[in-house]
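[1] Turn this into a model:
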Amino acid sequence: MLELRHLRTLIALAEAGNISVAARRVHLTQSALSHQLKVLEEHYGTRLFERKSNPLRLSPAGHRLLRLAHEVTARVAAADSDIARIIGGESGTLRIAVECHTCFDWLMPSMDAFRENWPEVEMDLVSGFHPDPVGLLEEGRADFVITSEPAKRKHIVHHPLFRFEIFALLAGNHPLVGKEWLEPADFAKHTLITYPVPEHMIDVIRQRLEPAGIHPERRTVELTIAILQLVASRRGIAALPGWAVHAYIERGYVIAKRVGKGGLWSKLYAATTNATAQLPYLRDFLATVRRVSFATLPEIEPLRK
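    Presented below is the predicted three-dimensional model:
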């Protein structure tokens, strides 16, 4: 029997092009996803994907089922939003604060998708840098905060979004390019180019360099593209989320290296108050952020509490 979860799996496979990435998007193991695909193919008695292709290619039957999947999931999402509006009303305010500069890049598509279903909800980005963005919730100055540190606070709830790897970025002719991965000592004699935020908010410093007693010279820049231009010009090295610089890495504009053999990983959460977490439109925005993120951002993984 064809189920909604099968359609979502089919969309993830078509968009990701391989089973491992698709499995992460729909929060399944690779074996569980493969089993779902097998059930679908047995149900229809035909292949839905060409197995030996890389990336995976849909068969004619797969293309037809994918059209159905897009139609059905879109209608289900619209119905969910309609029901939420019926239950909780259509209007309200959603003030969003972000902890990291790169959050703006991926948050905008989610806001656009949400606005289509909730046109009466007034959305606003809380401007400026905030050393304690979650404090804005406690002060009543924000309703939804993107943060990497789920510190326990009274009346605050943290909703897991996703985890991602942070890569060291080098110029193509940098002397460290030949290394398989970088260790903290590799940063010691090079300028570290970062956003203008306190050191305790920079993952590579907090998680790797500070514990190793490494304190490189630091240069701060507001924009991601400006950081990449400085890196490409050998003015220093940087450490940024893979999803934020994926296109530049693929084009060879900069070279990415793992930070440590196992890589350097960070997490993102959405923080709300216990009270606002119950608002129908805020719950829908949270679901939209998760859905759009896994549909559009490369190399992110599910994050659980």
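[2] Counting by contacts, list what the longest helix belonging to the chain packs against.
    Of all the segments of type helix in the chain, defined by DSSP state H, the longest one is helix 60-88. Applying 3 or more CB pairs under 8 Å, 6 or more residues apart in numbering; DSSP states H and E, we find helix 60-88 packed against helix 4-16, helix 30-44, helix 103-117, helix 280-296. Where C-beta positions appear, they are placed from N, C-alpha and C, glycine not excepted.
[3] what's the angle between whatever helix or strand comes next after the third one and helix 60-88?
    When you say that, I think you mean helix 103-117. Later in the chain than helix 103-117, the nearest helix or strand by DSSP states H and E is strand 121-125. If you take axes from the mean of the first three to the mean of the last three CA atoms, to 10 degrees, strand 121-125 sits at 100 degrees to helix 60-88.
[4] Centre of the chain to the helix or strand just after strand 121-125, how far?
    Per DSSP H and E, the first helix or strand lying C-terminal to strand 121-125 is helix 133-138. Chain-centre distance of helix 133-138: 22 Å, with CA atoms, centre = their mean, to the nearest Å.
[5] Let me see the contact set for residue 218.
    Residues near residue 218 by CB atoms under 8 Å, 6 or more residues apart in numbering: 191, 192, 193, 194, 199.
[6] ok, now which ones touch the third one?
    Pointing back at residue 193 there. By CB under 8 Å, 6+ apart, the contact list for residue 193 reads 218, 219, 220, 221, 227, 230, 231, 235, 236, 237, 238.
[7] Was I right to think residue 290 contacts residue 113?
    No: counting by CB atoms under 8 Å, residue 290 does not reach residue 113; the two are 11.4 Å apart.
[8] More neighbours: which of those two?
    Between residue 290 and residue 113, counted using other CB atoms under 10 Å, the more crowded position is residue 290 (20 against 17).
[9] Quick one: residues contacting that one.
    161, 162.
[10] and the gap between it and residue 40?
    Here residue 290 is placed at a distance of 24 Å from residue 40 (CB to CB, to the nearest Å).
[11] For the stretch 201-305 of the chain, just list every one of the helices.
    203, 224-232, 242-250, 280-296 (DSSP state H, counting those that start in this stretch).
[12] Of those, give the one that comes closest to residue 25.
    Residue 25 lies closest to helix 280-296 among those, at 4.2 Å (CB to CB).
[13] Take the closest one, keep the C-alpha atoms, and write them as CSV.
    Extracted in CSV, the C-alpha atoms of helix 280-296 (Å, rounded to 0.1, in the frame of the first residue of the first chain):
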residue,chain,number,x,y,z
PRO,A,280,0.0,26.9,15.7
TYR,A,281,1.9,29.2,13.3
LEU,A,282,5.1,28.9,15.3
ARG,A,283,4.9,25.1,15.3
ASP,A,284,4.3,25.3,11.5
PHE,A,285,7.3,27.6,11.1
LEU,A,286,9.5,25.1,13.0
ALA,A,287,8.3,22.2,10.7
THR,A,288,8.9,24.4,7.7
VAL,A,289,12.5,25.2,8.7
ARG,A,290,13.3,21.5,9.2
ARG,A,291,11.7,20.5,5.9
VAL,A,292,13.2,23.2,3.8
SER,A,293,16.6,22.8,5.4
PHE,A,294,16.9,19.1,4.6
ALA,A,295,15.5,19.7,1.1
THR,A,296,18.0,22.5,0.2
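[14] mean confidence for that helix?
    Helix 280-296 shows a mean pLDDT of 90.
[15] angle of that helix against strand 121-125?
    Using the same axes, to 10 degrees: helix 280-296 against strand 121-125 is 60 degrees.
[16] quick one: low-confidence parts of the chain?
    82, 84-91, 100-102, 128-131, 304-305 (pLDDT under 70).
[17] Could you list the domains of it?
    4-85, 91-160+267-302, 163-265 (automatic domain parsing).
[18] ok now the last one, how far from the chain's centre?
    By that I understand domain 163-265. 19 Å.
[19] now swap in the longest one and tell me
    On the basis of CA atoms, centre = their mean, the separation between the geometric centre of domain 91-160+267-302 and that of its chain is 12 Å.
[20] Surely residue 13 is in contact with residue 56?
    Yes: assessed by CB under 8 Å, residue 13 is found in contact with residue 56 at 6.2 Å.
[21] Which one of those two is surrounded by more residues?
    A direct count of neighbours by other CB under 10 Å for residue 13 and residue 56 places residue 13 higher, at 27 against 19.
[22] where's the closest residue in space to the more buried one that isn't next to it in sequence relative to residue 250, distance?
    Leaving aside its chain neighbours, residue 13 sits nearest to residue 22 (4.5 Å; criterion: CB to CB, 6 or more residues apart in numbering). Remark: distance between residue 22 and residue 250 (CB to CB) = 20 Å.
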